[in-house]
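Engineer: Quick check, what structure comes out for this input:
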Amino acid sequence: MKKPLIHVNKVTKIYRIGKLEVIALREVSFDIERGEFVSIMGPSGSGKTTLMHILGCLARPTSGEYYLDGRLVNTLDDNELALIRNQRIGFVFQLFNLLPRMTALDNVELPMLYSGVSGDERKSRARLALEAVGLKARTYHYPNELSGGEQQRVAIARALVNDPEILLADEPTGNLDSQSGREVMSTFKSLHEQGKTVIVVTHDPEVASYADRVLHIRDGKIEKDERLRSHKIYVGNNKPVSHPKNSSFLGSLLTGLVSGYRAILHNRLRSLLTVLGIVIGVAAVIGMLGVGEGAKRHITTEIEKLGANVVMVFNMPPRTKEEALEWRGRSRGLTYADAIAIKAKCTAVDYVAPEIRRNVVARYLDNEYEAEVIGTTPEYQMIRNHWPEYGRFINEDDLESWAKICVLGKNVKKELFGDEDPIGKEIKLEGERFTVVGVMQEKGAFGWLRFDDQIFVPILTMQKRFTGDDRVQMILVQSKPNLADTASQQVRQLLLDRHNKVEDFAIRSQEEFRQTIEKTVGTFKIMLAGIAAISLIVGGIGIMNIMLVSVTERTREIGLRKAVGARRRDIMIQFLIESTMLSVTGGIIGILLGTLFANTIGNLMVGAGMFGPPRLWGGGQSVVTFSSVLLAFMFAVTVGIFFGMYPARKAACMDPVEALRYE
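Structural biologist: Below you'll find the model as predicted:
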């Protein structure tokens, strides 16, 4: 014996509202054969709509059994139920449930988005469905441009577009005038004659009269099963339930992108205000990282002015009275002889230049300029990578003869001589006459070191004329490439041996100095970016808030999408894409503003002299790197996904029946 298409056995449905139980259906049993036209008729509150929801796989019975084509529906999961609604059942609702921001064609395409139909085929089938219900001329009209009867025919076309086996209609003429109602019912009659199984829920006897069979329901029970006319049972081919197609995931992405785009355009001002927090956050992160990176690179560049692979040896005075007593008679500090020994005995060392510094007033004729006199050796220019622009630097003959010669920094030459050539001229340094033999290249400054305000003299001349002993303040050592640590160890051991094991000196590697500064700047940069990232978090909270509002506003849309076959995953993807689109939009705007902000702040810092001598609005120091842009953008996207997850999950978990009833 052939099984009926629909078999309902003792189905009961109970709604629980707090502690109150409402029994909507009471052990309802009936069969519907394939190809029948059945009307479920009863007064309001009789349970007919609840029964339709169960037959349409929108709700599950509390008890009893519902078989569809021999398959027990009670045991199916949400995805399997969604697949049945998408491929085997078409819904026509009393309130039409057309999406207002979509054309008639887009509304009819909706079920096919969740069944993996390609774009061209979707449009072709949707046009044919609209033509079949007489709406070819209204294809690109929006719902508010259609009459009630036309809207209902669009809903019928949407229900038919996936060629379902069963057509369910809930009060399909309830909001229509008499003429439109008759046209709609004639459409159902025609579809029935084509072999569709049509089930109409109504309280109107005139509507029920179109059916071949009427199930009268009252107080949740079938009172009477009335056959109005004989019916030839349709014996068309079975349409088995298939497994979900992978391509339907693309449909979920597509509908999410389209829906998100339309939502942003429909609420432009609200969307703009929503993404403002993301815009500010991304711009602040990029700006702060740009300023920090610019400062880091600037400092690195400035440190390079001091030379490469440089190890600095300083005099270190005793730190306590006990140490001073212990060192008495054993320590004289650093001397010129120490520098000679380092050069001769430390194999990891290339160049050595001892230094004595003294601030003096340099005079030439009536011009005066306060400068720093540095007594050093010829190797200074190799270590500091600082060379004469013209003339020459100190040489070995100058050292050995205690020559009273000097080399001027760029600023010193300009202040004392102006445009006059200083080579061969004499200047006075603390009453002593020194002959100018060279002018150094412009080098700028690093911190307190003003290279262009210096005057270089032979170190032995300085000891004889100014200090009166052989001690030096510092010894500059340039190691061989990649041997700075080895050079430091060799210098330390040599000086301990020469100074009677008294560590009256300190050794600092320039690389160590650079790393310390870069680490400090890096920490500061992370701190700034972290503070700026708070704006992104605030922006994310704004997105979550507006998405919750959007979910509430579009509750009926969510119910409709589920009714035409959308799964939880599809709804979640849709709302996640919308929240992500908001954050991506904010991220793109934020990148543009952040780049402008970084360059502006960098210029202001340069103008204020924070990166050296002030240069008003010239050569910004901020560096906007691709990594900082990518970091800020990905953080913005992550914020959109994270804060959109809760609203998306809330939408995905909505009960389709409750969503469709939402006012």
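Engineer: now F642, nearest residue through space, not along the chain?
Structural biologist: G540 (6.5 Å; Cβ to Cβ, 6 or more residues apart in numbering). Where C-beta positions appear, they are placed from N, C-alpha and C, glycine not excepted.
Engineer: ugh, wrong one, I meant Y140
Structural biologist: Closest to Y140 by Cβ to Cβ, 6+ apart is T103, at 5.0 Å.
Engineer: Distance-wise, check that neighbour relative to M382.
Structural biologist: In this view, T103 and M382 are 78 Å apart by Cβ to Cβ, to the nearest Å.
Engineer: These two: which is more packed in?
Structural biologist: For T103 versus M382, the count of surrounding residues by other Cβ atoms under 10 Å is larger for T103: 19 against 16.
Engineer: so that one touches H141, yeah?
Structural biologist: Yes. Using Cβ atoms under 8 Å, T103 is in contact with H141, at 6.4 Å.
Engineer: phi, psi of the nearest residue to F456 once chain neighbours are set aside?
Structural biologist: Spatially, and ignoring its direct neighbours in sequence, F456 is nearest to V407 (4.3 Å; Cβ to Cβ, 6+ apart). Listed backbone geometry of V407 is phi -120, psi 130, with angles given as degrees, to the nearest 10.
Engineer: Just the pLDDT for V407.
Structural biologist: pLDDT, V407: 96.
Engineer: mind checking how far it is from A339?
Structural biologist: Taken as Cβ to Cβ, the span from V407 to A339 is 19 Å.
Engineer: In terms of packing, which of these two has more residues around it?
Structural biologist: V407 (28 against 24).
Engineer: which strand of the chain spans the most residues?
Structural biologist: strand 349-364 (DSSP state E).
Engineer: Just the buried residues of it, please?
Structural biologist: By 16 or more other Cβ atoms under 10 Å, the buried positions in strand 349-364 come out as 349-356, 358, 360, 362-364.
Engineer: how about it as PDB, C-alpha atoms only?
Structural biologist: The C-alpha trace of strand 349-364 is given here as PDB (Å, rounded to 0.1, in the frame of the first residue of the first chain):
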ATOM      1  CA  VAL A 349      89.800  46.700  17.800                       C
ATOM      2  CA  ASP A 350      90.200  48.700  14.500                       C
ATOM      3  CA  TYR A 351      90.500  52.300  15.600                       C
ATOM      4  CA  VAL A 352      91.000  54.200  18.900                       C
ATOM      5  CA  ALA A 353      90.500  57.900  19.600                       C
ATOM      6  CA  PRO A 354      90.900  59.400  23.100                       C
ATOM      7  CA  GLU A 355      89.000  62.600  23.900                       C
ATOM      8  CA  ILE A 356      89.300  65.600  26.100                       C
ATOM      9  CA  ARG A 357      86.400  68.200  25.900                       C
ATOM     10  CA  ARG A 358      86.300  71.700  27.000                       C
ATOM     11  CA  ASN A 359      83.900  74.600  26.400                       C
ATOM     12  CA  VAL A 360      85.700  77.800  25.300                       C
ATOM     13  CA  VAL A 361      85.000  81.100  23.600                       C
ATOM     14  CA  ALA A 362      86.600  81.100  20.100                       C
ATOM     15  CA  ARG A 363      87.600  84.600  18.700                       C
ATOM     16  CA  TYR A 364      88.500  85.800  15.300                       C
END
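Engineer: what about stretch 440-449, distance to the chain center?
Structural biologist: 42 Å (Cα atoms, centre = their mean, to the nearest Å).
Engineer: again, but for stretch 653-660
Structural biologist: 32 Å.
Engineer: Please apply the same query to stretch 342-359.
Structural biologist: On Cα atoms, centre = their mean, the centre of stretch 342-359 falls 52 Å from the chain's centre.
Engineer: by contact count, what packs against the particular helix or strand that has I589 in it?
Structural biologist: Per DSSP states H and E, I589 falls inside helix 568-608. Packing partners of helix 568-608 (3 or more Cβ pairs under 8 Å, 6 or more residues apart in numbering; DSSP states H and E): helix 78-87, helix 248-266, helix 268-304, helix 510-553, helix 555-563, helix 626-652.
Engineer: where does the fifth one sit relative to the chain's centre, distance-wise?
Structural biologist: The reference is to helix 555-563. Relative to its chain's centre, helix 555-563 lies at 30 Å (Cα atoms, centre = their mean).
Engineer: Show me what the mean pLDDT comes to for that helix.
Structural biologist: For helix 555-563, the per-residue pLDDT averages 89.
Engineer: From the contact counts, what lies against that helix?
Structural biologist: helix 78-87, helix 568-608, helix 656-661.
Engineer: Rounded mean pLDDT for the second one, please.
Structural biologist: What that stands for is helix 568-608. 78.
Engineer: quick one: that helix to helix 555-563, angle?
Structural biologist: Following axes from the mean of the first three to the mean of the last three Cα atoms, to 10 degrees, one obtains 130 degrees for the angle between helix 568-608 and helix 555-563.
Engineer: so helix 568-608 versus helix 626-652, what angle?
Structural biologist: Using the same axes, to 10 degrees: helix 568-608 against helix 626-652 is 150 degrees.
Engineer: quick check: angle from helix 568-608 to helix 268-304?
Structural biologist: Using the same axes, to 10 degrees: helix 568-608 against helix 268-304 is 50 degrees.
Engineer: so E370 makes contact with V361?
Structural biologist: Yes. Proximity of E370 to V361 meets the contact threshold set by Cβ under 8 Å, at 5.4 Å.
Engineer: okay, M544: pLDDT?
Structural biologist: For M544, the predicted pLDDT is 89.
Engineer: I'd like to know how far it sits from G277.
Structural biologist: 11 Å.
Engineer: got it, and I573?
Structural biologist: Taking Cβ to Cβ, one finds I573 at 24 Å from G277.
Engineer: repeat for L429
Structural biologist: 63 Å.
Engineer: Also V311?
Structural biologist: Counting by Cβ to Cβ, the gap from V311 to G277 is 50 Å.
Engineer: Neighbour count for those two, which is higher?
Structural biologist: More crowded of V311 and G277, by other Cβ under 10 Å: V311, with 29 against 23.
Engineer: Okay, and the more buried one sits in which element?
Structural biologist: Counting by DSSP H and E, V311 is part of strand 310-315.
Engineer: Report the backbone C-alpha coordinates of that strand in CSV.
Structural biologist: Coordinates of each C-alpha in strand 310-315 appear next as CSV, following Å, rounded to 0.1, in the frame of the first residue of the first chain:
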residue,chain,number,x,y,z
VAL,A,310,81.6,52.0,18.6
VAL,A,311,82.6,51.1,22.2
MET,A,312,82.9,54.0,24.6
VAL,A,313,85.1,53.9,27.7
PHE,A,314,84.4,56.5,30.4
ASN,A,315,86.1,57.6,33.6
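Engineer: who's in contact with it?
Structural biologist: 333-334, 383, 471, 473-479, 484, 487-488, 491, 495, 504-510 (Cβ atoms under 8 Å, 6 or more residues apart in numbering).
Engineer: Now, these that are in strands?
Structural biologist: Among these, the members falling in strands (DSSP E) are M474, I475, L476, V477, Q478, S479, F505, A506, I507, R508, S509.
Engineer: OK, contacts around the fourth one?
Structural biologist: For V477, the residues meeting the contact criterion (Cβ under 8 Å, 6+ apart) are V310, V311, M312, V313, I342, C346, V349, Y351, V352, I383, A487, V491.
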